[in-house]
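Enquirer: Prediction below, plus the sequence it came from.
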Amino acid sequence: MANTQKEKDLLAKVYEDLDFSSRAYSKLYKEIKEDFKFVQGQQWDPSDVEELRKAGVKALAINKIKPIIKLITGIERQSRSDFKAFPEGGEDLVTADIASRLLKNVSKVSKVERKQSEQFKHGCIGGVAYLEPYMDYTYDLINGEMKFKKLSANNVFPDPDAQEYDLSDGSFIIKVTRDLTRDQLVELFPDKEKEIDNMGTGAINWESIRDITTIIENDEDYQPHIDRKAEVEKGTYDLVDYFYKKLTNKYFVAIQEQGLIKEVDSKDDAEALVEQLLQQGAQAVIISKMVPVIRHAQVVGAKVFYDDVAWYYPRWKKFGIIPFFAEEITEKLGDKSVSIQGIVRSLKDLQEEFNKRRTQELRHLNASTNSGLLVPKGSMDDQNMRKAKKYGSSPGVVLEYDAVKGKPEKIFPSPLSQGHAQLAEENMQDLKEASGVNPDLLATDSKSQSGRAILLKQRQGLVMIQEMLDNFGETKRLTGQFILSQFKELYTVESALRVLGDAWVADNFTVPVNIILSRGLQKMAEGRENEVTELEKNTMLQYPQVQADQPIQDEQGNLETAVDFDTAIQLVNQVLNDAELNKYDVAIGEGPYSETIRMANFLDLKELAQQGVPIPPETLIELSLIPEGQKKKVLDALARQQQAMMAAQQQGG
C-alpha cells in the first residue's frame, strides 16, 4: 500500500532530522565508543599490539581510569536518595506527603534507582546518557506499571540546536532501535504483519541517510535490492522513534477569580467547564491558542507505523527521554565531542602515555636480563656456542671457553634514566589533576584523623566533580517530575489509598465529629444537598439535635472523632488528576534513601545524646538499622518498662 502525501512528508522530515542530528553527533559518538573501550581496558591500537607481539613484547594495559570511574559511581550509589515532594505552602503538607508516598511506591516497583545509577555511570564515562520511562500493560491492562530503560547515547539523536539541559527548546529527539528481527517487529506492531512482510529493506544506510528519500518518492515501484530471506535472517530492521513538536490549536479556560488557566482537550470540554463554573458563580472565558504539541511517530524504512500525540502529553509537555550530561558547554563550538565530555575524554592521552612508558620499561628490563654476550672469535666450540645462545641468560649455565682467546662477557644495556622516574611521577599527578579525583575522596591517607576531619576532606575533594553531581541531581528531579505527572495513568483512587494504607489515612484524616456535622449542615443550608457525603449524612442522622458548633463528647468526656474517608478520597483524587500539581502545590526534590545516609543520621543523634542532648531513646531506636521486627520488640519492652516505672512512682507517692 502506497504512502499518502502526508506520510511522505513526515518520512522526509524524519530522515532529514535524523541526517542532521547524526552528522552533528557522529564525532561525539565515535569518541564515546572509544571512551567505553578505554574504561574496560582496551587501550591499545591493534596494529601496535601486533607489532609489539612480533618483537616478543606484551603491550601492558595498566588501567588507571577504571578505579576513578568506580570511585565516582560508588559515591553516587552511597548517596542515593528517594524522590520527595516538598509542600509549597503550609496548606500543602498532606498533599506533598501523598505525592511522596506514591513516588516512593513507583520507585520501588520500577527499581528506577538502579537504572539511574547505570545512567550516571555511562554519562560519567562518555559525557551523556539517557533514560526513557514507558508504561508496561503486560499484567495490568488498566493501570500499567511505569518502567525505565537506560538508552545508549549512540542510539539517541537530539536536535543539535537545543541548549536547555532538558532539551525542551529542541524541535525533535530521535531514538533508533537497531537490528530488529521480523518477529520482534511483528511483536511491536502485530496488526502490521502483512505490511512488514511486503516491505523492502528496513535498515538505515548510515553513510547516506537521505538515500531513503528515494524509496519514499518511488515506494509504489520499489523492490527490495537484497534477498528477502537473507534480510530476515540478518535482522536488518531499524525502528525510528521520532518525537517532535507540531503546532496545534488548543483550548484553555481562564478562571478570573482564581487567576488560573486550565488546558482542556476540545472546544466542547471548554464550553462544558465554563458552564459548570458559571453555575458555581465563577467567571471564566475560553481562550484558543496555537501551542506546540509533542507527537510520536514510529518509522521503519519507508513505512509509517504510528503517528499520534505522545502517550505522556499533555500532562508532561517536554520530550519523554531524560538526559544526563556530565559536562556540557552550551556555546556553539561546532563540535559536539568538544562541548559534551565525560571524565574519560581528558584521561585517554595520559593513559596511553602511561601504558607505553610502562611497556618500554618492561622491554628495557627484559633486555637487561637477556642482553647477550660478547664472545671472542674461536674461544668456544660449536656445542658451547649453541648452549650460550640458548641458555646464556639462564641461571647456573656452564660454558667452556678457550682461556687464551678470551672469555665471554655480558653486554650491559644502558640503565633507566632519572627521567623515567620523573615522568612516572608527573604522569600520576597528571592523572589525578585531570580527573578531578584525589586520595581525599578515599580517606585512606591518614589513620589518626577523626571521622569529622575525614568527612570534611572528602567534601573538599568532591568540589572537582560537583558539576556532574549537580547535573545528575537535575536529571533525578526531571525524572521525579515525570513520574508525578503520570500518576493518573498509574493509580486509581482505590489503588493509591492501598499504597497510603489505612493507618496513614487514620492519622491524617481523623477529625472531631462536630466538624463533620457542621460541614453537612452548611451544605444543606446552602442548597447543596447533592454534595453531602455519606459520612455527613450519617452524622446528621446520629446527632439530629446537636448544633453545628457544639463539641460532641463520649461518656468519658473525650472528644468524639471519626475517620473522614471522603476528604481523603477527594484529596487523593486531586493529587492524581491535577496536571499542575508540580507547578503550584509541591516541588520535587530528594530525601534520604540509602542505609549510609540513615546510619550517618543515627550516628549524629547518638553523638548528640552522648554529649547530653535529651534525645528520646525511641528516636534512636527508630533511626537505627535494627530489623523492623526487632525494633518493635525493643520499643514494646521500653514502653512496658516506662509504664512500670510510672506505676512504681505513683505507688511510692
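Expert: Sure thing, it's come through. Predicted model only: the values in this text are computed from it and were never measured.

Enquirer: can we go C-alpha only for contacts and neighbour counts from here?
Expert: Noted.

Enquirer: hmm, what's the outermost residue in this structure?
Expert: Note on the chain: the largest C-alpha distance from the chain mean falls to V404, namely 80.3 Å (C-alpha atoms, centre = their mean).

Enquirer: how far away is that residue from A388?
Expert: With the distance defined as C-alpha to C-alpha, to the nearest Å, V404 ends up 19 Å from A388.

Enquirer: Also K250?
Expert: Going from K250 to A388 by C-alpha to C-alpha gives 92 Å.

Enquirer: My read is that I32 contacts G126, right?
Expert: Yes - under the criterion of C-alpha atoms under 8 Å, I32 makes contact with G126 at 4.7 Å.

Enquirer: Quick one: end-to-end length of stretch 389-408, please.
Expert: Termini of stretch 389-408 sit 12 Å apart (C-alpha to C-alpha).

Enquirer: Tell me the confidence at the residue nearest the centre of the chain?
Expert: Central residue of the chain (C-alpha atoms, centre = their mean): Q116, 2.8 Å from the mean position. As predicted, Q116 sits at a pLDDT of 93.

Enquirer: For the helix or strand hosting it, name the packing helices and strands.
Expert: Here Q116 is covered by helix 112-126, with elements defined by DSSP states H and E. When contacts are defined as 3 or more C-alpha pairs under 8 Å, 6 or more residues apart in numbering; DSSP states H and E, helix 112-126 packs onto helix 5-39, helix 65-78, strand 128-136, strand 145-151, strand 322-325, helix 466-485.

Enquirer: and that helix, which residues are buried?
Expert: Buried positions in helix 112-126, judged by neighbour count with 16 or more other C-alpha atoms under 10 Å: 112-113, 115-126.

Enquirer: Name the surrounding residues that touch that helix.
Expert: 31-33, 35-36, 39, 69, 73, 76-77, 80, 107, 128-131, 147-150, 324-326, 341-345, 468, 472, 476 (C-alpha atoms under 8 Å, 6 or more residues apart in numbering).

Enquirer: which of K250 and A388 has more neighbours?
Expert: Using other C-alpha atoms under 10 Å, the more surrounded residue of K250 and A388 is A388, with 21 against 17.

Enquirer: do you know how far the more buried one is from A403?
Expert: Distance, A388 to A403, by C-alpha to C-alpha: 16 Å.

Enquirer: same check, this time on G301
Expert: 85 Å.

Enquirer: Out of these two, name the residue with the larger neighbour count.
Expert: More neighbours surround G301 than the other of G301 and A403, with 21 against 10 (other C-alpha under 10 Å).

Enquirer: Contacts only, for the more buried one.
Expert: With contact set as C-alpha under 8 Å, 6+ apart, G301 has these partners: 200-204, 212, 237-239.

Enquirer: thinking K84 is in contact with N105, fair?
Expert: No - using C-alpha under 8 Å, K84 is not in contact with N105, being 11.5 Å away.

Enquirer: These two: which is more packed in?
Expert: K84 (23 against 15).

Enquirer: Make sure I have this right: that one is in a strand.
Expert: Yes - using DSSP: H, G, I helix; E, B strand; the rest coil, the assignment for K84 is a strand.

Enquirer: beta partners of it?
Expert: Beta bridges link K84 to G589 when assigned by DSSP bridges.

Enquirer: and S168, which of the helices and strands packed on helix 112-126 is closest to it?
Expert: strand 322-325 (10.2 Å; C-alpha to C-alpha).

Enquirer: just the helices in the stretch 401-550 of the chain please.
Expert: 418-435, 451-461, 466-485, 487-490, 493-500, 502-509, 513-525, 534-542 (DSSP state H, counting those that start in this stretch).

Enquirer: and the third one with helix 112-126, angle?
Expert: Helix 466-485 and helix 112-126 are oriented at 140 degrees to each other (axes from the mean of the first three to the mean of the last three C-alpha atoms, to 10 degrees).

Enquirer: For the stretch 351-500 of the chain, give me the ranges with low pLDDT.
Expert: Flagging of the stretch 351-500 of the chain using pLDDT under 70 yields the residue ranges 364-372, 391-396, 411-425, 427-428, 430-462.

Enquirer: and D140, what helix or strand is that in?
Expert: Assigned by DSSP H and E, D140 falls within no helix or strand.

Enquirer: quick one: it from A203, how far?
Expert: Where A203 is concerned, D140 sits at a distance of 34 Å (C-alpha to C-alpha).

Enquirer: So if I had to pick from these two, which one is more boxed in?
Expert: Counted by other C-alpha under 10 Å, D140 and A203 do not tie: A203 has more neighbours, with 19 against 10.

Enquirer: Distance check, the more buried one against A302.
Expert: Separation of A203 from A302 (C-alpha to C-alpha): 10 Å.

Enquirer: Okay, helices next: where are they in the stretch 251-400 of the chain?
Expert: For the stretch 251-400 of the chain, the helices defined by DSSP H, counting those that start in this stretch cover 267-279, 336-339, 348-369, 382-391.

Enquirer: Which of those helices sits closest to A647?
Expert: Set against A647 and scored by C-alpha to C-alpha, these come closest in helix 267-279, at 61.0 Å.

Enquirer: What are the buried residues along that closest one?
Expert: Across helix 267-279, burial judged by 16+ other C-alpha under 10 Å covers 267, 270-271, 273-274.

Enquirer: Any chance of those in a markdown table with distance to E580 and pLDDT as columns?
Expert: Below are the buried residues of helix 267-279 laid out as a markdown table (distance: C-alpha to C-alpha, whole Å; pLDDT from 0 to 100):
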| residue | distance to E580 | pLDDT |
| --- | --- | --- |
| K267 | 20 | 83 |
| A270 | 17 | 84 |
| E271 | 20 | 84 |
| L273 | 17 | 83 |
| V274 | 19 | 82 |
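
Enquirer: Endpoint to endpoint, stretch 60-71 covers what distance?
Expert: End-to-end distance for stretch 60-71: 23 Å, by C-alpha to C-alpha.

Enquirer: Also stretch 374-384?
Expert: For stretch 374-384, the first-to-last residue distance is 14 Å (C-alpha to C-alpha).
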